[in-house]
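Enquirer: quick one, structure for this:
(2 chains)
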Amino acid sequence: MSEVQQSDGGQEKGKHKKIRAKKSSTHIDMTPMVDLAFLLLTFFILTTTFSKPKTMDITMPVKDKVEDDQRTKVKASQTVSILLTENDRIIWYIGMDDPAQPPQTNIADFSQSGPQSIRTMLLDKNKIVLEKVKMVEDSVKRGLIPDKEDEIKRHKAAVKGDKAGVIVLIKPDEKSKYKNLVDILDEMLICNVGRYAIVDLSESERELIKNTK
Amino acid sequence: MPKIKVPKKSPSLDMTPMVDLAFLLVTFFMLTTKFRPDEPVIVDQPSSISEIPLPEKGVILLTVDGKGRVFFNVEGQQTRMDILDRLASRFSLMFDEKEKKRFSVLSSVGMPSNMLKEYLGADEAKRRTMNDATPGIPSDSTNNELTFWINAARTVAPRHSIAIKGDQDADIPTIKRVISTLQDNKANRFALITNLEGASDAAAAPAKK
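Expert: Have a look, this model is predicted:
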């Protein structure tokens, strides 16, 4: 106390002057707060991932037994069977799987282009639908179809279900990987194949895989 | 000659706008960040060009890891508790309140029914070792427990969509078993979770214009 009074006395020379409250600066040192803010900022920036997982919709048929006469009949020449097997290999053939008359098999791979690319094959086989999809896109551009996402989707779905298009039967065997299945489903999307199904292998097709080296 | 004096400038500059921005960003990131719950398995999903996002809510998630183990996950504490109740009566197990509570806050669970009770009673470290050793939810035709899980989840949450999150190396027989179990439960529409194909891949794909 005495010290304070002493210093007061030292500052004020006259006794008449009022005792004034000390003017303290309004500035506070904000450096630590800002440091912390930046620390948090860096932490959140580094830990945030914005990529949301994407999905691929699949519809499987109802498992109930279907009577033979109720089955949809399709032309054998329109169906492509794609057999997936180990080491990312693809074997495909057109037509029926007839044990007595083994179909002509072809080897393909998951490359995006080239002579053995499954995509080239599918695009070639699915030309009719692809042209129609292109037509839909053209009419969107010319304003014949409203440029709305669901509207375009509806038209494309209608076109994709075209009876003239290729029908793909995907048959993964036990040695293939999930990745192969997703890749081939992806090719269906890319090549605008609307009619495809995941089917089990038959015995004769196992033989086909064995014999095709 | 008088020297030219450089005017002394104060070295401190006004940092207020910068700090304001920093706090704005901090708030933004804090509010948008959602911490991922501790997943028992790490799954490396295959990529595709599909751009349909996974719904944020209401997903029954079946995870298949590289070794072919199946895990089950669904969000919502109440939903999980109801599912556990149904499973308890199905497997004739008894869970106390603590175990139910524990189950409701966990993420994916991949335990055969005989290990479920022990798993829920264990502490975190033990759970981790159990997760490494678990064979997953059995889905073979002889002992298909997965169908009970799916059945319970479908009954409790009929409007939830179903998603399969498979590892690239998951084997096809397991995937097929999971799919056929879903079909058995009349769940014929489901989604496969994939990553979006990298920009370089998409650019190299000339097919889709």
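
Enquirer: residues near B:Ala153, how many?
Expert: 26 (other Cβ atoms under 10 Å in any protein chain shown). Bear in mind the C-beta positions are built from the backbone N, C-alpha and C, glycine included.

Enquirer: Three-state assignment for it, please.
Expert: helix (DSSP: H, G, I helix; E, B strand; the rest coil).

Enquirer: that one is in contact with B:Leu84, isn't it?
Expert: No - using Cβ atoms under 8 Å, B:Ala153 is not in contact with B:Leu84; the gap is 10.7 Å.

Enquirer: distance of the residue in chain B that chain A sits nearest to from B:Glu56?
Expert: The nearest approach of chain B to chain A comes at B:Phe29, 3.3 Å away (Cβ to the nearest Cβ). Using Cβ to Cβ, to the nearest Å, one gets 18 Å for the distance from B:Phe29 to B:Glu56.

Enquirer: then A:Leu84?
Expert: 33 Å.

Enquirer: the more surrounded of these two?
Expert: A:Leu84 (26 against 9).

Enquirer: and the closest residue to chain B within chain A, how many neighbours?
Expert: Residue nearest to chain B within chain A (Cβ to the nearest Cβ): A:Phe44, separated by 3.3 Å. A:Phe44 is flanked by 18 other residues according to other Cβ under 10 Å.

Enquirer: that one: what's its closest spatial neighbour, skipping adjacent residues?
Expert: Excluding the flanking residues, the one nearest A:Phe44 by Cβ to Cβ, 6 or more residues apart in numbering or on different chains is B:Phe29, at 3.3 Å.

Enquirer: what helix or strand does that neighbour sit in?
Expert: If you go by DSSP states H and E, B:Phe29 is part of helix B:16-32.

Enquirer: list the buried ones in the longest helix anywhere in chain A?
Expert: The single longest helix within chain A, with elements called by DSSP state H, is helix A:31-47. For helix A:31-47, the buried set under the neighbour-count rule, 16 or more other Cβ atoms under 10 Å in any protein chain shown, comprises A:Ala37, A:Phe38, A:Leu40, A:Leu41, A:Phe44.

Enquirer: Throw those into a markdown table and include pLDDT, thanks.
Expert: Compiled in a markdown table, those are given as follows (pLDDT from 0 to 100):
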| residue | pLDDT |
| --- | --- |
| A:Ala37 | 88 |
| A:Phe38 | 89 |
| A:Leu40 | 89 |
| A:Leu41 | 88 |
| A:Phe44 | 86 |
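
Enquirer: adding distance to A:Val129, write those out as CSV.
Expert: Compiled in CSV, the buried residues of helix A:31-47 are given as follows (distance: Cβ to Cβ, whole Å):
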residue, distance to A:Val129
A:Ala37, 56
A:Phe38, 55
A:Leu40, 53
A:Leu41, 51
A:Phe44, 47
